[in-house]
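Enquirer: What would the 3D arrangement of this be:
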Amino acid sequence: METHFINLAIFLRATLPFLYTLTILLFSTTATATISEISRGFKATPNSSTETFQPLLYDSSGNFSLGFLRVNKTQLALAVLHVPSSEPFWLANPAQLARWSDRTHLTFNGSLVLSDPNTKFYWSTHTDADHVVLLNNSNLVTKSANQTELPAWQSFDSPTDTLVENQNFTSTMVLISTNRLYSMKLGADFIGLYANFNKGSNQIYLRHKAMEAKTEIVENQAPIYAQINPDRYLGMYQTGNPLPADVQKFNSFQTPVTGFLRVRLEPDGNLIGYFWDGSTWVLDYQAISQTCELPSACGSYGLCNARNGCSCLDNRTEFASGECFTAQSGDFCSDGVPRNNFWVLRRNGVEPPYKELMRYDTTSSLGQCEKLCERNCSCWGAVFNNASGFCYMMDYPIQTLVSVGDETKMGYFKVREGAGRKKMNVGVGAGIGVMCGVVLILVGIVGAWRFRVWKRKRGGEVKSRFMDLNGGVSPGPYKDLGSASFRSIEMGTT
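Expert: Sure thing, here's the model as predicted:
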């Protein structure tokens, strides 16, 4: 009997790890099954222990997940994430983030709703659907049980800053960068990138017109749309025509490279294309290839030089941390009355990076151009071209200008009173103070050393004279010349 118990114990010890692993797998499979689809009655709240992302729903491949994305520790965005790279592809509420709190709820009872019952409603699909699924192309959709084709709602119809392959981008949609400064829209026959440097101002800085090489866009008929083609290009199409009216080729165009494609409107205003090679996102396309052509490569009141990089327009402020003056907004009016609460900065040899897309007036002189801006309380600056007489007006706080080396291109820029260099960081100030102290100590050490060298040299000269006076014979070692007799000789011969 004792032998049987011993054998049973050995058996259990050998099989328990297997049973434990099998149990975990079974529970994991069940858990995965429960988050492959959201049904009516679903409710979720953010977990306080989550630091970055709390998954709620997966696609069938496991490459994408819908969940709570933690932003700045205290805020929450409902996001679709690319799991292998942790890159968010879509946000439900980018302009109005919710609180990361157990009072914030995501519910589904026909509509997917993000809300806080005690404070406010954040976002909803406004549908009457039966379930929510995440497709393996990152598209989040709500569907009814009897619906087989078009979803009641899909995230592809309201993109944020990213487009993926085969996703249509229409004239009713807009891409917006995460910093809310830049946007992408479609015109009648072009793709446009816009900067919102001031409330109410929307300056276009890139306008790519369809080349219409394979087919023409017929005016006043079907609208156009853009799409990332799996053949590795950004195409522009007219509804009903499968041929592209424009092809912007990626670097991997017509190559055997494979990988999921996407484009993103970056925080610097560039439109960048990537493909996933299995471990990282590889740069595959850039709408703007030169740094100085970006809308604000060197920040406010910055100057971009293709060879020397960034500096400041005032030629005195040291360029640091991407900004020469503190960011400004608004205009120079008070209840419609102009105010002179600004000083003027002038700089020659500059022009805006997108001057071909700016509005301008024709004036006979720089003085006339300056007066047009001076009297206009919404004008922040103007650049005058002496050769053409064009006066380019800027109705937004001054951004980066491009150094062109042509002194006939002259800039006039308003700087609001009190706007100067950013205050020095406390750590930087302390560092400079320590550095000054070190420099003073080094100066003291060098001074003491030079004094000793001078003293030795002086002593050598006295020694030589002493030897001459005594027929060239030294009375002893040099170290013995510190006596009273040596000091009397030094005083007598100096």
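Enquirer: can you pull the contacts of residue 117?
Expert: 103, 105 (CB atoms under 8 Å, 6 or more residues apart in numbering). Heads up, the C-betas are built off the backbone N, CA and C, glycines and all.
Enquirer: low pLDDT regions in the chain?
Expert: 1-34, 147-148, 320-323, 334-338, 419-494 (pLDDT under 70).
Enquirer: now the helices for it?
Expert: For the chain, the helices defined by DSSP state H occupy 2-34, 366-374, 426-469, 484-493.
Enquirer: How far away from the center of its chain is the second one?
Expert: For helix 366-374, the distance between its averaged C-alpha position and the chain's averaged C-alpha position is 35 Å (CA atoms, centre = their mean, to the nearest Å).
Enquirer: Just the buried positions in that helix, please.
Expert: Using 16 or more other CB atoms under 10 Å as the test for burial, helix 366-374 gives 366, 369, 370, 372, 373, 374.
Enquirer: how near is the fourth one to residue 339?
Expert: From residue 372 over to residue 339 the distance is 17 Å, taken as CB to CB, to the nearest Å.
Enquirer: same deal with residue 82?
Expert: For residue 82, the distance to residue 339 - CB to CB - is 49 Å.
Enquirer: repeat for residue 260
Expert: Counting by CB to CB, the gap from residue 260 to residue 339 is 53 Å.
Enquirer: Ramachandran angles for residue 215?
Expert: The phi/psi pair for residue 215 (degrees, to the nearest 10) reads phi -160, psi 150.
Enquirer: Identify the residues contacting residue 156.
Expert: Contact partners of residue 156, counting by CB under 8 Å, 6+ apart, are 139, 167, 168.
Enquirer: Ranking by neighbours, what's the top pick from these?
Expert: residue 167 (24 neighbours; other CB atoms under 10 Å).
Enquirer: For it, which non-adjacent residue is spatially closest?
Expert: residue 156 (5.1 Å; CB to CB, 6 or more residues apart in numbering).
Enquirer: Same question for residue 366.
Expert: Once flanking residues are discounted, residue 366 sits nearest to residue 384: 4.7 Å by CB to CB, 6+ apart.
Enquirer: which residues does that neighbour bridge with?
Expert: residue 391, residue 410 (DSSP bridges).
Enquirer: give me the number of residues near it?
Expert: 27.
Enquirer: do the same with the one 4 residues further on
Expert: By the other CB under 10 Å criterion, the neighbourhood of residue 388 contains 11 residues.
Enquirer: Check residue 342 too.
Expert: Residue 342 has 17 nearby residues by other CB under 10 Å.
Enquirer: Residue 250 too?
Expert: Neighbours of residue 250 (other CB under 10 Å): 23.
Enquirer: what about the spatially closest residue to residue 143 that is not a sequence neighbour, distance to residue 71?
Expert: Closest residue in space to residue 143, ignoring its immediate chain neighbours: residue 151 at 5.2 Å, by CB to CB, 6+ apart. Distance of residue 151 to residue 71, computed by CB to CB: 27 Å.
Enquirer: Looking at these two now, which is surrounded by more residues?
Expert: residue 151 (21 against 17).
Enquirer: show me the contacts for residue 257.
Expert: Applying CB under 8 Å, 6+ apart, the residues near residue 257 are 232, 275, 277.
Enquirer: now, which of these sits nearest residue 192?
Expert: Among the contacts of residue 257, residue 232 lies closest to residue 192 (CB to CB), at 22.9 Å.
Enquirer: who's in contact with that closest one?
Expert: 249, 250, 252, 253, 254, 255, 257, 261, 275, 284.
Enquirer: same thing but 6 Å
Expert: Contacts for residue 232 (CB atoms under 6 Å, 6 or more residues apart in numbering) come out as 250, 252, 253.
Enquirer: mind listing what the first one touches?
Expert: This means residue 250. Counted by CB under 6 Å, 6+ apart, residue 250 has contacts 232, 233, 273, 284, 285.
Enquirer: How about the last one?
Expert: By CB under 6 Å, 6+ apart, the contact list for residue 253 reads 232, 233.
Enquirer: Output the contacts of residue 232 as CSV; include the columns distance to residue 409.
Expert: As requested, these are exported to CSV (distance: CB to CB, whole Å):
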residue, distance to residue 409
250, 35
252, 39
253, 37
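Enquirer: of those residues, closest to residue 122?
Expert: residue 250 (36.1 Å).
Enquirer: which phi and psi does that closest one have?
Expert: phi -80, psi 170.
Enquirer: could you measure the residue most central in space within the chain against residue 176, distance?
Expert: The centroid of the chain falls nearest to residue 267 when counting by CA atoms, centre = their mean (3.6 Å). Here the distance between residue 267 and residue 176 works out to 11 Å (CB to CB).
Enquirer: and what of residue 220?
Expert: Separation of residue 220 from residue 176 (CB to CB) stands at 29 Å.
Enquirer: which of the two has more neighbours?
Expert: residue 176 (19 against 5).
Enquirer: ok, and the closest non-adjacent residue to that one?
Expert: residue 183 (5.0 Å).
Enquirer: my guess is the one you found contacts residue 195, does it?
Expert: No: using CB atoms under 6 Å, residue 183 is not in contact with residue 195, being 8.2 Å away.
Enquirer: the more surrounded of those two?
Expert: residue 195 (22 against 19).
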